[in-house]
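Chemist: One predicted model, sequence on top.
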Amino acid sequence: MASKPNVATLYSCFTSGTDTTISLIEVSISPGIPTFSVIGLCDSSIRESQGRLRSAFKSCGFDMPKGHITVGISPAYMKKAGSAFDLPMALGILFASGQLYLPPESRIYAEGELTLGGEVKGTPGACLRLKTVRDQTFDYRIVPAGESGSAGIAGFRGMGINSLSDLSRIFDENNYVESDFDYTGNSDINQLLDISMLKGQEKAKRALLISAAGFHNILLMGSPGSGKTMAGKILSGILPPLNRKELSDVYSLNELIEGESAKISDVRPVRIIEPSVTVGKLLGNSLSLTPGELAMANHGILFADELPLYKTEVLDFLRKPLEERKVSLVKRGDLYSFDCNFIFLGTGNPCKCGLMYEKGCKCRCTENQIRKYQSRISGPFLERIDIFSEMRSISGNDMASIYIGDSDSESLEYRKMVENCWHIQHERYGADLLNGTFPDEDIKDLMRIPDKVIMYASEMAEKEFFSARGFTRALRVARTIADLNEAEDVSVDDISEASLFRVKGALI
Amino acid sequence: MNDTNDRFKDFFYSAVRLNTEVNYKTINELICSKAISSYRELADMEQLTRIADGSCELSEETVTRIKQLIDSYSKIETITHNYQKIAADNGIEVVSCEDDNYPYNWKVQTGMPKVFYYSGNYSLLDKMVLKGSIAVVGSRNPSKYALYATEQFCRDLGNKGITTVSGMACGIDRQAHLASVNTEGGTIAILAGGVDNIYPSANKDIYNTIRQKGLIISEMPPGQQPLKQYFPSRNRLIAGLTDCTLIMEAGACSGTLHTASFAANQGKEIFVLPNNIYYENSFGGLKLLEDGCNVLVSKESVIDSISQALMYKRMTMGNKEDVFYGELPKNDEEDQVGIEVLRTLAKEKPDELDDEKWKLLIKDALTLKPLCADELCVAMSLPFYRMSKLLTDLELNGTVCQEKGKYSLTFV
């Protein structure tokens, strides 16, 4: 006569790309020929767990029960992968076989990978999973100690364990202590390149400052060796550090890709893309829902070096995300969207030889060559650029004073100005919104732009300084300049400075 | 009469020159030894066979070349027909040195083309003999200053009836054609390739205008691509066709200097627009000035020089008609502000200067050469945010303009 199977039930969570699903894990052991089967569309990384479980049990003094073991993972219609189910499966087997005491009517959450020696390890995607689990009610929440950083950032409360033998202390000795997790972020913001490296390039410095202060997209064009590539690092150095929410957004994606080795840092991310980048890589993979470069650059900087070498379709694809600050992936009819609220920083040479902006007439490119080179960046794309600055090679004297002179951090001063400026803008628009990112186009009243200034700006537009879109972009830049001056209203001076950073006139 | 036949022979000559090894030297030898009386006889098969038979005293090289020509006679004939077809389709005419209307300036010099092709208003060439002509050449990548001067000189001289001749390249050439095409003097473009070949293609607009109102000339037969090696020869034609040459802007080693040396060798006056000595793209022109060329200061001196050339020409041609260029308008002298005072003030008491004074100083700095915003900041010791406001104001009222990231005066 068949005996009633013992079923243990607990909960875990799995990530499929950025999509997280809480799943129910049931383990049943019934007498019969010893078998081990995992059901619920699991891939081989989950099915292989049998080997890890068997060895880990032995190492920690538990026994693999003899009998017919079935592990069911729901929702059974979704494909699952990853080794984070090891710990809940082990717990389920131990409960079902009676080796551990299962407190009645209790909801248990567990995740973690097991080693053959019984240690519990974290797996990638922990931060996203723990954020999902955070607000659910569970009586026991057990995570690997190695995931404490992710747990801390996710604001997750629970207990971290190092090895399978810790389980007997929790359940047999009833020693479950729930606590907050601490994470130690390292702030290496001061180790970034200092803006004083751009000595003598006042326009570029001012452009970087305004770009950081209002989250404006920026394009720097200049000679080879003028410090364009440095500008990316400099820009992230003058941006204020990530706040807690932003840090958690940034870290959870980083952790998904890099696993435990992801660094917890409040420096804004700089994603450097190469001219060979494809639209797919920018967007992310819709099948596995892995975020692309655009999503990874959220809250930070997307740095496109050598912009004129990009394929035009890649640049033109960027237009929409730059406008909407969002990218969307479609997977089986469902829309998944990622925030991509970044500063776009593009750099490049103005012409083939790159010397167009140099003093004198070093550039030997013909008008046609220059036109051909620059036409690779399309006009509509350039309209999304708020700030343009040209750069020249740094003169010998300035070079000497950069390396010999005092090493006072000028970036620190800039960062304070930017922080102050952000504060003013957050008070105006609400949290997380800045002049460059505020979605509404009807901004005149909120931005406090007097009619006099609008008139002056329209006079500029009349003389073809900027297009219709360029007009509103210039007003936003002017607002940022006014914020940097801590002025209530935008003045004529602000708009005339803003117009100096337009693309027209600097390119052919 | 057999005009059509002569035209065929002219086209045939071009085809021979471009497609066989028969060169200038060969033809010269043939004519000197009286084997043929004119280049047109190259199309005469009987004549050629007679030469190849060795009936004349000719060098071996020449005889072999003529033999080659006989061998490829039918091929050359096809090419010639092709030329004629393109010419007919595009309204291109041919002129030979044996025609009466062959330009006088070319007739009196050696090494000028025996046949050339044209499209447009041929009367310009006739008028040129009476009123004179200038060659205007310069950089393809000129400064605002040179462009402005080109426009002024070409328009003013054109209004006096003087024809402007240039090469329809970008930059100075383009400006010269644009400024003169609607004037009384008119404009002539000499191309390096065939007359139907628009090069550079960006100048299609002025090509069409010149074809309507001016004249387009080339020594190359219709359909010929402009090859690199044809350009110096083209420059020689420009210098040769005109009475004096204006060099607007020339870099240290540029094609413009070729034109200048051709003009000098042909005994033509050369005028060089004086430019900033610190501006690299004007070094070639400045070197010419150093070597003793005329300084292009006013159009009067150009007119004087042309009148002299014309007078000499008339003496040789026996034409006594006088040339009158009319009264010249006077230029308004701009008031000089005490800029020197301002400069010292800017150094000693920068706070006392208001925006207008700073603007004067910026204009002063830009007269030297185009500068970028950073350089202006350093030169004025003004912080960037103040400079930006001044520059935008100046740009808005049209005093300065931004080009390739540098600011320059607009000369308006």
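Modeler: Received, thanks.
Chemist: any idea where the strands of the stretch 51-200 of chain A begin and end?
Modeler: Secondary structure of the stretch 51-200 of chain A by DSSP state E, counting those that start in this stretch: the strands cover A:68-74, A:108-110, A:113-114, A:120-121, A:140-144, A:157-161, A:179-180.
Chemist: In JSON lines: these, plus mean neighbour count.
Modeler: For the C-beta atoms, the positions are set from N, CA and C on the backbone; glycine is no exception. Listed next are the strands of the stretch 51-200 of chain A as JSON lines, based on neighbours: other CB atoms under 10 Å in any protein chain shown:
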{"stretch": "strand A:68-74", "mean neighbour count": "20"}
{"stretch": "strand A:108-110", "mean neighbour count": "25"}
{"stretch": "strand A:113-114", "mean neighbour count": "24"}
{"stretch": "strand A:120-121", "mean neighbour count": "24"}
{"stretch": "strand A:140-144", "mean neighbour count": "25"}
{"stretch": "strand A:157-161", "mean neighbour count": "19"}
{"stretch": "strand A:179-180", "mean neighbour count": "10"}
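Chemist: quick one, which of those strands is nearest to chain B?
Modeler: The closest of the strands of the stretch 51-200 of chain A to chain B is strand A:179-180. By CB to the nearest CB, the value is 46.9 Å.
Chemist: contacting residues around that closest one?
Modeler: The contact list for strand A:179-180 (CB atoms under 8 Å, 6 or more residues apart in numbering or on different chains) reads A:152, A:157-159.
Chemist: Out of the strands of the stretch 51-200 of chain A, which gets the lowest mean score?
Modeler: Comparing mean pLDDT across the strands of the stretch 51-200 of chain A, the weakest is strand A:179-180, with a mean of 88.
Chemist: That one pairs with which strands?
Modeler: Strand A:179-180 has its sheet partners listed here by DSSP bridges as strand A:157-161 (antiparallel).
Chemist: what angle sits between the partner strand and strand A:140-144?
Modeler: Orientation check (axes from the mean of the first three to the mean of the last three CA atoms, to 10 degrees): strand A:157-161 against strand A:140-144 gives 50 degrees.
Chemist: Dump strand A:157-161 to PDB, keeping only the CA atoms.
Modeler: Coordinates of each C-alpha in strand A:157-161 appear next as PDB, following Å, rounded to 0.1, in the frame of the first residue of the first chain:
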ATOM      1  CA  ARG A 157      15.800  42.000   5.800                       C
ATOM      2  CA  GLY A 158      16.700  38.400   6.400                       C
ATOM      3  CA  MET A 159      19.500  36.100   7.500                       C
ATOM      4  CA  GLY A 160      22.600  35.300   5.700                       C
ATOM      5  CA  ILE A 161      24.200  31.800   6.000                       C
END
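Chemist: what's next to that strand, contact-wise?
Modeler: So strand A:157-161 is contacted by A:109, A:112, A:120, A:134, A:140-148, A:151, A:167, A:170, A:176-181 (CB under 8 Å, 6+ apart).
Chemist: SS state for B:Ile216?
Modeler: The three-state label for B:Ile216, taken from DSSP: H, G, I helix; E, B strand; the rest coil, comes out as strand.
Chemist: so where is chain B shaky, pLDDT-wise?
Modeler: For chain B, applying pLDDT under 70 flags the ranges B:1-2, B:317-338, B:411-412.
Chemist: Excluding residues flanking it in the chain, which one is nearest the closest residue to chain B within the stretch 101-250 of chain A?
Modeler: The nearest approach of the stretch 101-250 of chain A to chain B comes at A:Glu202, 4.2 Å away (CB to the nearest CB). Leaving aside its sequence neighbours, A:Glu202 sits nearest to B:Phe384 (CB to CB, 6 or more residues apart in numbering or on different chains; 4.2 Å).
Chemist: on that earlier part again, give the full set of residues in contact with the residue of the stretch 101-250 of chain A closest to chain B.
Modeler: Residues in contact with A:Glu202, defined by CB under 8 Å, 6+ apart, are B:373-374, B:377, B:383-384.
Chemist: buried sites along stretch A:133-150?
Modeler: Of all the residues in stretch A:133-150, those buried under the rule 16 or more other CB atoms under 10 Å in any protein chain shown are A:133, A:138, A:140-150.
Chemist: pretty sure B:Glu29 contacts B:Val63?
Modeler: No: taking contacts as CB atoms under 8 Å, B:Glu29 lies outside contact range of B:Val63: 10.2 Å.
Chemist: Can I get the longest helix seen in chain A as CSV, trimmed to CA atoms?
Modeler: Among the segments of chain A that qualify as a helix by DSSP state H, the longest is helix A:410-429. Written as CSV, here are the backbone C-alpha positions of helix A:410-429 (Å, rounded to 0.1, in the frame of the first residue of the first chain):
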residue,chain,number,x,y,z
GLU,A,410,39.1,71.6,-9.2
SER,A,411,36.5,68.9,-9.9
LEU,A,412,35.5,69.0,-6.2
GLU,A,413,34.5,72.7,-6.6
TYR,A,414,32.6,71.9,-9.8
ARG,A,415,30.8,69.0,-8.2
LYS,A,416,29.6,71.3,-5.4
MET,A,417,28.2,73.7,-8.0
VAL,A,418,26.5,70.9,-9.8
GLU,A,419,25.1,69.5,-6.6
ASN,A,420,23.7,72.9,-5.6
CYS,A,421,22.3,73.3,-9.1
TRP,A,422,20.6,69.9,-9.0
HIS,A,423,19.0,70.8,-5.6
ILE,A,424,17.5,73.9,-7.1
GLN,A,425,16.1,71.9,-10.1
HIS,A,426,14.7,69.1,-7.9
GLU,A,427,12.8,71.7,-5.9
ARG,A,428,11.4,73.1,-9.2
TYR,A,429,10.4,69.9,-11.0
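Chemist: No further questions, thank you.
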